[in-house]
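# Predicted model and sequence below, questions to follow.
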Amino acid sequence: MTAVGIDAIEIWTGKLQLDLPNTFAPAKGEDPEKYTKGLGLETSSFPDTYEDIVTMGANAAKRLMDRRDLSPDDIGRIDVATESAFDNSKPVSTYIAGCLEQVYDGDFHHANKGERKFACVAGTQSIDDAYNWIRAGRNRGRAALVIATDTALYARGDPGEATQGAGAVAMLIDEDPSVVELSTEQGYGSADETDFLKPNQQFPSVDGKRSMQVYLARMREALEDFESVAWDTHPDDFEFIPFHTPFPGMVRKAGLLGYRHMIRGTDIEDDLEAEIGRQPRESEYDSWDAYEDAIRDYMDELKRTDRYRDWYGETIEPTLGLARRVGNWYTGSVHVARAASLKHAAEQGVDMTGRKLLVGSYGSGAQAEIHAETVRDGWADEVSALSIDDQLDRRYDLDFDEYETVHDAHNHDLDAEIEEFTQPDGEFVHTGWGRMNERKYDYVE
Ligand code: CAA
């Protein structure tokens, strides 16, 4: 069977940054270490006044198309995943196609376009749709463009304000891919949950603590489901495990849970027995609560072992390098984590070809999805072409008053007109609204 997967990746960050320990924490009267040590964040990205989900998505897509010398005829499908859509009917992909048609010869009139919604897991679901479309032989030799783009803003004063972000990831899904091949096997953990939602409102209603429990519960179910169709996973099977990363502290919890699950009944559990005992088994306890308490105690011990710390440092920590600097990008977040891990490997000179990733996506509401990926031999060239470090270094650093003004400027319910902080340079910008309240965009040389 021909391999299908991610052939190219481009990342576009919002052009402003908020420094969490040095700007946000003092203004909120909080300890900076809550951000650096607790949540694991340094800065978050914000969109300038002329940026939105369309400009960021179109700019990521244009970089990708330019770099791979693609024309609209090469693309048979454009799917956008977002939680920040501003229209309940017209999909963001049509706006992005319209932007791209301003700068390329030809058009996307024969490409299938859509918008995927299931909170942050929608980016991965769009990749699935593209994979299935290619596998079904409906692509006529063309590739799919998947764009995950979000402005992850919370109402001012909401605890979620600590975990904001804005940016887009564009991915080309194709046969014989350069970056990773996707496994056919997938695991799901899905349930009707009320932890994070936006019922016809711009900023989310969030039960933060519950959202973290739901994330972990669904992720565990997804891993079990993946193992039921793939194999019993072992920590050494994977070079990296990129998770959906609302903030790195969340992944610290997910990594420990995953490791505990994967070492059960393995050589690692045996090796650790003298140090921390064996994992509690449900049959040894009178009640579920007693069993859960014992598991929690075991995990507390486990996370202090050198064996676990070394594994975490090698397998999980590298996935968080970009998230610490950009915050939560919702649908793009897990794809930023994958890119961060491959970027780290390239910088360390590791040959990743043939090695495996386990990818854990998650969307509130709630659904987790887990699949494996096998790295392909074009990965290093692709990852080396990313310009994300330069983009991050060039962001305008907001002071707290400016942050509040930018937040207001992006609030759909306010009419705040402010000057931009940066100058657009070779990119799409939002210029205003048309006669039917549609958004208008131009390419600025
Ligand atoms: N030094 C070191 N650590 C500190 C500290 C300090 N001075 N102060 C606090 N901390 C630690 C806390 O102990 C905590 O860590 P643990 O969870 O490991 O105990 C961490 O920093 C955060 O502190 P708080 O829990 O006090 O923070 P908070 O009450 O302000 O809320 C939050 C944190 C719930 C994540 C909130 O930011 C939020 O609601 N975020 C949005 C929801 C979210 O991201 N949920 C994640 C799962 S849902 C999902 O993944 C979908 C999605 O993308 C939204």
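That came through fine.
# contacts, neighbours, all on C-alpha from now
Fine.
# Neighbouring strands of the host helix or strand of residue 144 in the sheet, and parallel or not?
Counting by DSSP states H and E, the element that carries residue 144 is strand 143-152. Using DSSP bridges, strand 143-152 pairs in its sheet with strand 75-81 (parallel), strand 165-175 (antiparallel).
# Partner strands of the next helix or strand after the longest one, with direction?
Read that as strand 165-175. Per DSSP H and E, the first helix or strand lying C-terminal to strand 165-175 is strand 180-190. Strand 180-190 has the following strand partners under DSSP bridges: strand 4-13 (antiparallel), strand 367-375 (antiparallel).
# Report the next helix or strand after the first one in sequence order.
Counting by DSSP H and E, the element after strand 4-13 in chain order, helix or strand, is strand 16-19.
# That next one pairs with which strands, parallel or anti?
Here strand 16-19 has these sheet partners by DSSP bridges: strand 43-46 (antiparallel), strand 396-397 (parallel).
# Indicate which one of the strands paired with strand 143-152 is closest to residue 197.
Ranking the strands paired with strand 143-152 by proximity to residue 197 (C-alpha to C-alpha) places strand 75-81 first, at 15.8 Å.
# From the contact counts, what lies against the next helix or strand after the closest one?
Proceeding N to C from strand 75-81, the next assigned helix or strand is helix 92-103, under DSSP H and E. For helix 92-103, the elements it packs on are helix 53-67, strand 75-81, strand 112-116, strand 439-444, judged by 3 or more C-alpha pairs under 8 Å, 6 or more residues apart in numbering; DSSP states H and E.
# Deepest in the core, which of the ones you listed is it.
strand 75-81 (a mean of 27; mean count of other C-alpha atoms under 10 Å).
# Would you mind naming what in the chain lies close to the ligand?
31, 33-34, 37-39, 120, 159-160, 162-163, 208-209, 211-212, 215, 246, 330, 363-364 (C-alpha under 6 Å from any ligand atom).
# now the residues you listed: which count as buried?
The neighbour-count test (16 or more other C-alpha atoms under 10 Å) marks 39, 120, 160, 162, 163, 211, 212, 215, 246, 330, 363, 364 as buried among those.
# just to revisit the earlier point, save the strands paired with strand 180-190 as JSON lines, and put in mean pLDDT, distance to residue 415 and mean neighbour count too.
Output for these, formatted as JSON lines (pLDDT from 0 to 100; distance: least, C-alpha to C-alpha, whole Å; neighbours: other C-alpha atoms under 10 Å):
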{"stretch": "strand 4-13", "mean pLDDT": "98", "distance to residue 415": "24", "mean neighbour count": "26"}
{"stretch": "strand 367-375", "mean pLDDT": "98", "distance to residue 415": "35", "mean neighbour count": "24"}
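# Residue 359 is in contact with residue 374, isn't it?
No: taking contacts as C-alpha atoms under 8 Å, residue 359 lies outside contact range of residue 374: 10.8 Å.
# For the one residue in the stretch 201-350 of the chain that gets nearest to the ligand, which residues are in contact?
Taking C-alpha to the nearest ligand atom, the ligand has its nearest neighbour within the stretch 201-350 of the chain at residue 208, 3.5 Å off. If a contact means C-alpha atoms under 8 Å, 6 or more residues apart in numbering, then residue 208 has 159, 160, 195, 196 as its contacts.
# And it, its phi and psi?
Main-chain dihedrals, residue 208, degrees, to the nearest 10: phi -60, psi -50.
# Serialize the contacts of residue 208 to a markdown table and add fields for distance to residue 378, pLDDT and secondary structure.
Listed next are the contacts of residue 208 as a markdown table, based on distance: C-alpha to C-alpha, whole Å; pLDDT from 0 to 100; DSSP: H, G, I helix; E, B strand; the rest coil:
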| residue | distance to residue 378 | pLDDT | secondary structure |
| --- | --- | --- | --- |
| 159 | 41 | 96 | helix |
| 160 | 38 | 97 | helix |
| 195 | 39 | 95 | coil |
| 196 | 38 | 97 | strand |
